[in-house]
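In: Mind looking at a prediction? Sequence and model below.
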Amino acid sequence: MAASSMEVVSYQRVSKVFNSETVALMEFDLSIKKGEFVSFLGPSGCGKSTALRLAAGLERPSNGTVKIFDKSPKKVIKQTNDIAFVFQDANLLPWRTILDNVLLPLELRGGNKKEQKKEAIRVLEMVGLKDYLDYYPRQLSGGMKMRVSIARALAAKPKILLMDEPFAALDEITRQTLQMELLDIWQKEEMTILFVTHNVFEAVFLSTRIAVMSARPGRLSSEMEVDLPFPRKLELRTDPSFSQYVEDASLLLEGSSIKRELI
Ligand SMILES: Nc1ncnc2c1ncn2[C@@H]1O[C@H](COP(=O)(O)OP(=O)(O)OP(=O)(O)O)[C@@H](O)[C@H]1O
């Protein structure tokens, strides 16, 4: 029983069909344990976002089950703050300051205003933005906006963070900085992270495990544990062990695309 109680997210034979013809996911199986950092890696359109949206209760499976802590994601979202979502677009409200953007989800849930403000400042400090509380989104760079978006997700102290290509629109240097900051936060806050990417380097650098998906209809085509030590620093990218994982993951990804061509 101990092992299953560690299970945080489970996909069991999950299929998702849109408009009765687009099969986004087909019998997708994956089990994610507490504290893991799992990347969903796969070609464009293979159903990565759909898999994440199912875990967030934003979509319902056509077949099979998705469970979060053994409950339906919708129930978890309704009853707890356990799940938070970060999208590729920071999605900030332009008329609210940075502090007020982070406060918004806390305000919606009600509670002690002073505590909420303290928590919002704590998470903004964590992402390096404590000097920008009164700024408006238009005054920030893309990387800073993404930091606000991450802070907003963290403010509710989620146990599971779902991230859909959060760094895809950023330049390389900003992306690398945010990747390291994210790993820091993941360790400090002891969260489980599900992270969608089609970037092999990013998947290897961040993850404890990579779930490689096949081209549409998306299935889990292979899994790879990334046994590189934490904390992971910039130098790791030039280490032969890192290159080996990147090569292995690239081969798995290629393999999943080749299989599709043969079908
Ligand atoms: N709401 C929807 N209605 C209809 N089709 C959809 C919907 N959401 C996704 N799809 C389709 O399902 C398939 C999988 O989409 P999804 O966004 O999950 O893929 P992805 O792997 O995240 O892609 P990318 O890497 O390009 O973002 C695609 O063919 C997409 O067009």
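Out: Cool, the structure landed.
In: okay, and for the stretch 1-150 of the chain, where does confidence drop off?
Out: Residues of the stretch 1-150 of the chain meeting the criterion pLDDT under 70: 1-5.
In: if we go to 90?
Out: 1-6, 19-22, 43-45, 87-90, 105-111, 126-127 (pLDDT under 90).
In: and it, which residues reach the ligand?
Out: Listed as neighbours of the ligand in the stretch 1-150 of the chain under the rule Cβ under 6 Å from any ligand atom: 18-19, 22, 24, 42, 44-50. For every residue, glycine as well, the C-beta is placed using N, CA and C.
In: Enumerate the positions of the helix or strand that K118 is a member of that are buried.
Out: Assigned by DSSP states H and E, K118 belongs to helix 113-126. Neighbour-count burial for helix 113-126, with 16 or more other Cβ atoms under 10 Å as criterion, is recorded at 116, 119-121, 123-124, 126.
In: Relative to the ligand, which of the residues you listed is nearest.
Out: Nearest to the ligand, judged by Cβ to the nearest ligand atom, of the buried residues of helix 113-126 is V123 at 26.9 Å.
In: what's the next secondary structure element after the helix or strand where A211 lies?
Out: A211 belongs to strand 209-213 when assigned by DSSP H and E. Following strand 209-213 in sequence order, the next helix or strand is strand 220-225 (DSSP H and E).
In: what's the neighbour count on whatever residue of the stretch 101-250 of the chain ends up closest to the ligand?
Out: Closest residue of the stretch 101-250 of the chain to the ligand, Cβ to the nearest ligand atom: H198 (5.2 Å). Using other Cβ atoms under 10 Å, H198 is surrounded by 19 other residues.
In: Quick check: it touching F40?
Out: No: counting by Cβ atoms under 8 Å, H198 does not reach F40; the two are 9.3 Å apart.
In: residue closest to the middle of this structure?
Out: Central residue of the chain (Cα atoms, centre = their mean): M163, 2.4 Å from the mean position.
In: who touches it in this structure?
Out: By Cβ atoms under 8 Å, 6 or more residues apart in numbering, M163 lies in contact with 52, 85-86, 193-196.
In: got the buried residues for stretch 101-113?
Out: Those would be 101-106, for stretch 101-113 by 16+ other Cβ under 10 Å.
In: Could you single out the nearest of these to L58?
Out: P105 (15.4 Å; Cβ to Cβ).
In: Next, give phi and psi for that closest one.
Out: phi -60, psi -30 (degrees, to the nearest 10).
In: Now do the same contact list for it.
Out: 152, 155-156.
In: And the residues you listed, which of them are buried?
Out: Buried among those (16+ other Cβ under 10 Å): 152, 155-156.
In: Helices - which of the buried residues of stretch 101-113 land there?
Out: Counting by DSSP state H, the buried residues of stretch 101-113 place 101-106 in helices.
In: that older thread, name the residues contacting each of H198 and F40.
Out: K48.
In: Could I have the CA atoms of the helix or strand hosting I173 written out in CSV?
Out: In this structure, I173 sits in helix 172-189 according to DSSP H and E. Output of helix 172-189 as CSV, limited to C-alpha atoms (Å, rounded to 0.1, in the frame of the first residue of the first chain):
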residue,chain,number,x,y,z
GLU,A,172,17.8,30.8,-24.6
ILE,A,173,19.6,32.6,-21.8
THR,A,174,16.3,33.5,-20.0
ARG,A,175,15.1,29.9,-20.5
GLN,A,176,18.2,28.4,-18.9
THR,A,177,18.0,30.8,-15.9
LEU,A,178,14.3,30.0,-15.4
GLN,A,179,15.0,26.3,-15.7
MET,A,180,17.5,26.4,-12.8
GLU,A,181,15.2,28.6,-10.7
LEU,A,182,12.4,26.2,-11.3
LEU,A,183,14.5,23.2,-10.1
ASP,A,184,15.4,25.2,-7.0
ILE,A,185,11.7,25.9,-6.3
TRP,A,186,10.7,22.3,-7.0
GLN,A,187,13.2,21.1,-4.4
LYS,A,188,12.3,23.8,-1.8
GLU,A,189,8.6,23.4,-2.1
